[in-house]
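>>> Got a sequence here, can you model it:
(one chain, ligands or ions: 1)
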Amino acid sequence: MKQTSENGLPVEICEAGPEKKVEPPKIRVEAKKKVLLTASEATPFISTGGLAEVIGSLSKALAKNERLDVRVMIPLYQDIKKEYRKDFRYLGNLFVPLGWRSQYCGVFEYRKDGVTFYFLDNEYYFKRPGCYGYYDDGERFAFFCRAVLEVMPFLGFYPEILHCHDWQAALCALYLKTIYCFRPEYQYIRTLFTIHNIEYQGKFSLDILEDLFGIPANFRHLVEYERCLNLMKGAIECSERFSTVSPTYAGEIKDPFYSNGLDPIVRRNEGKLRGILNGIDCASYDPETDRALFANYSAEDLSGKAVCKEELQRMLNLPVRAETPIVAMISRLVAHKGLDLVKAVIEQALRQDMQFVLLGTGDFAYENYFTDLARRYPGKVVSIISFNPDLSRKVYSGADIFLMPSKSEPCGLSQMIASRYGTVALVRETGGLRDSITPVGAGGNGFTFRDYNAQDMLYVLSEALCLYRDKEEWTKLMKRAMTTDFSWGRSAFAYEDLYMEMLR
Ligand code: GLC
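Numbers count the residues shown, from 1 in each chain. This is a model prediction of the structure:
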């Protein structure tokens with residue numbers, strides 16, 4: 001007879017007749033499945049954007065599941081926050097083969113929220129400011145990926161699932177399939193490769209395959225694409241499954257408009273592709289407790305949000321007017337974020353009663369454009385050219401409308417964060433924006449437009465500014481946005497299902 005014990009574990013109880021000996025109950029405890037996430041950044045240690053947020057919050061959500069043993073590996077950059085670094089535990093060091101070289105690798109460990117984080121140290125590669133943008137990025141991340149596989153015997157930890165994220169971790173999948181899977185300890189490892197943005201594929205010259213990456217020439221076909229080494233292509237070919245960060249984007253990357261040239265590879269491997277929508281860390285992004293805000297609030301009591309708006313206007317030297325809607329953008333200033341649409345119609349939009357706040361860094365031309373716009377519209381436009389997580393929370397909470405008209409958007413987290421703070425999102429229906437924001441007309445949580453067209457965006461923005469004047473309807477909309485479930489719950493289960501499918 002099967003029953004469930006107090007702690008939820010299955011218990012087998014043997015029926016005992018009067019003449020039978022009563023056996024003690026046998027408790028069958030299944031071993032946890034070992035999952036290793038590898039990536040180039042993770043919050044709270046180091047972050048340049050959405051990838052880090054996902055590694056930090058997905059691993060935490062997965063670790064809540066008692067069936068999984070979740071660990072994460074990232075490089076030990078110089079910029080890893082001191083407040084964490086001082087508590088890292090040094091586990092030892094080893095030498096990692098990389099082409100004809102043999103490189104030092106120190107291993108540090110830190111546990112947080114049920115997740116074990118490992119930091120792989122090599123000062124020549126990572127003791128530099130920032131994470132990327134160096135002439136030898138290919139070699140730096142090749143070292144990192146090779147070290148991920150070399151560290152396994154050192155730790156005595158061979159994961160069942162190796163979950164690699166973006167091109168910087170793509171070589172983990174390639175090394176496993178070309179070098180390590182022939183060793184018995186590695187043969188049961190299954191790899192999942194997640195694409196956070198297909199625009200960044202990790203392309204390098206063909207002649208560094210053996211010398212730098214140390215991949216034997218007979219495997220060149222796996223990684224060669226359009227006369228380059230293409231690490232994302234290689235990881236798609238070598239992984240048991242590959243995924244991307246929203247169901248809509250999983251469909252879009254089969255199309256040349258979105259694929260940056262990789263659509264033939266995506267289509268050929270379509271059977272292995274899944275789309276799982278990202279979540280956000282709802283405990284960190286909680287207007288009720290967030291200490292970066294000028295005042296706290298909730299969907300039940302929105303009074304604090306009015307304070308946030310007033311203080312934001314004051315801080316940014318904007319006229320303090322409760323009835324003027326603030327339209328905000330917090331974004332990397334790059335083309336696929338739809339900035340051309342904004343440039344085309346923002347001055348038309350500014351004829352209406354609104355204030356516009358932009359926060360972000362990126363391409364010089366956009367930085368210049370928005371700086372100049374703010375100069376020309378004092379008291380209406382503020383552009384802050386900076387990456388500032390604390391200020392971003394003040395803008396998310398103080399604004400009324402959050403503009404995100406991306407040309408392509410694998411998932412996007414800002415629209416979810418803004419919604420959680422009661423700032424209604426206005427998005428183009430693409431990728432994760434389409435999967436998280438539904439139009440107000442259909443009882444949804446925001447405003448959307450379909451075609452990549454500036455006039456369509458302007459039309460919907462004008463609709464939003466108009467609805468803003470109807471306080472009752474607007475409050476209902478804010479509450480719908482704030483109570484939409486953007487947590488990891490469902491998606492963390494979807495990843496677990498995918499892991500199990502890969503292990504079957
Ligand atoms: C990338 C994508 C973004 C996504 C994030 C996390 O930054 O551009 O859309 O939300 O990764 O997956």
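>>> next one: stretch 158-175 to chain centre, how far?
Relative to its chain's centre, stretch 158-175 lies at 16 Å (Cα atoms, centre = their mean, to the nearest Å).
>>> ok, is that stretch in contact with the ligand or not?
No: Stretch 158-175 stays clear of the ligand (Cβ under 6 Å from any ligand atom), getting no nearer than 7.9 Å. Glycine gets a C-beta too; all of them are placed from N, C-alpha and C.
>>> Straight-line length of that stretch, end to end?
15 Å (Cα to Cα, to the nearest Å).
>>> Pull out the buried positions in stretch 373-380.
Going by neighbour count (16 or more other Cβ atoms under 10 Å), the buried part of stretch 373-380 is Leu373, Ala374, Tyr377, Lys380.
>>> right, and the last one touches Leu350 too?
Spelled out, it's Lys380. Yes: using Cβ atoms under 8 Å as the test, Lys380 is close enough to Leu350 to be in contact (5.8 Å).
>>> list the residues that contact both of these two?
Phe356 (Cβ atoms under 8 Å, 6 or more residues apart in numbering).
>>> Now pLDDT, distance to the ligand and secondary structure too, for the buried residues of stretch 373-380, in CSV please.
Below are the buried residues of stretch 373-380 laid out as CSV (pLDDT from 0 to 100; distance: Cβ to the nearest ligand atom, whole Å; DSSP: H, G, I helix; E, B strand; the rest coil):
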residue, pLDDT, distance to the ligand, secondary structure
Leu373, 98, 24, helix
Ala374, 98, 25, helix
Tyr377, 98, 29, coil
Lys380, 98, 29, coil
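>>> and which of those is nearest to Ile326?
The closest of the buried residues of stretch 373-380 to Ile326 turns out to be Lys380 (Cβ to Cβ; 10.5 Å).
>>> what residues are up against the closest one?
The contact partners of Lys380, by Cβ under 8 Å, 6+ apart, come to Leu318, Leu350, Met354, Gln355, Phe356.
>>> can you tell me which two in those residues are farthest apart?
Leu318 and Leu350 (12.9 Å).
>>> which one of those two has more residues nearby?
Leu318 (20 against 17; other Cβ atoms under 10 Å).
>>> Distance of the nearest residue to the more buried one once chain neighbours are set aside relative to Arg321?
Spatially, and ignoring its direct neighbours in sequence, Leu318 is nearest to Gln355 (5.2 Å; Cβ to Cβ, 6 or more residues apart in numbering). Gln355 is 8 Å from Arg321, where distance means Cβ to Cβ, to the nearest Å.
>>> Need the residues touching each of the two.
Going by Cβ under 8 Å, 6+ apart, residues that sit against Gln355 and also against Arg321 are Gln313.
>>> So those two - more neighbours on which side?
Remark: of Gln355 and Arg321, Gln355 carries more neighbours, 24 against 13, as counted by other Cβ under 10 Å.
>>> beta partners for the more buried one?
Counting by DSSP bridges, Gln355 forms beta bridges with Ile326.
>>> contacting residues for the one residue in the stretch 251-400 of the chain that gets nearest to the ligand?
Per Cβ to the nearest ligand atom, Asn278 is where the stretch 251-400 of the chain lies closest to the ligand, at 5.1 Å. By Cβ under 8 Å, 6+ apart, Asn278 lies in contact with Gly50, Val54, Leu58, Val245, Ser246, Cys411, Leu413, Gly432, Ser491.
>>> Give me the subset of these that also touch the ligand.
Gly50, Val54, Val245, Cys411, Leu413, Gly432.
>>> and the stretch 251-400 of the chain, which residues reach the ligand?
Counting by Cβ under 6 Å from any ligand atom, the residues of the stretch 251-400 of the chain close to the ligand are Asn278.
>>> Give the buried residues for the helix or strand encompassing Ala147.
In the assignment (DSSP states H and E), Ala147 maps to helix 137-155. Residues of helix 137-155 classed as buried by neighbour count (16+ other Cβ under 10 Å): 137-152, 155.
>>> circling back: want to throw the contacts of Asn278 into JSON lines with pLDDT, neighbour count and secondary structure?
Output for the contacts of Asn278, formatted as JSON lines (pLDDT from 0 to 100; neighbours: other Cβ atoms under 10 Å; DSSP: H, G, I helix; E, B strand; the rest coil):
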{"residue": "Gly50", "pLDDT": "94", "neighbour count": "22", "secondary structure": "helix"}
{"residue": "Val54", "pLDDT": "98", "neighbour count": "27", "secondary structure": "helix"}
{"residue": "Leu58", "pLDDT": "98", "neighbour count": "28", "secondary structure": "helix"}
{"residue": "Val245", "pLDDT": "98", "neighbour count": "28", "secondary structure": "coil"}
{"residue": "Ser246", "pLDDT": "98", "neighbour count": "25", "secondary structure": "coil"}
{"residue": "Cys411", "pLDDT": "98", "neighbour count": "25", "secondary structure": "coil"}
{"residue": "Leu413", "pLDDT": "97", "neighbour count": "22", "secondary structure": "coil"}
{"residue": "Gly432", "pLDDT": "98", "neighbour count": "26", "secondary structure": "helix"}
{"residue": "Ser491", "pLDDT": "95", "neighbour count": "20", "secondary structure": "helix"}
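>>> Which single residue of the stretch 51-200 of the chain ends up nearest the ligand?
Using Cβ to the nearest ligand atom, His196 is the residue of the stretch 51-200 of the chain that sits closest to the ligand, at 3.4 Å.
>>> All good on my end, thank you.
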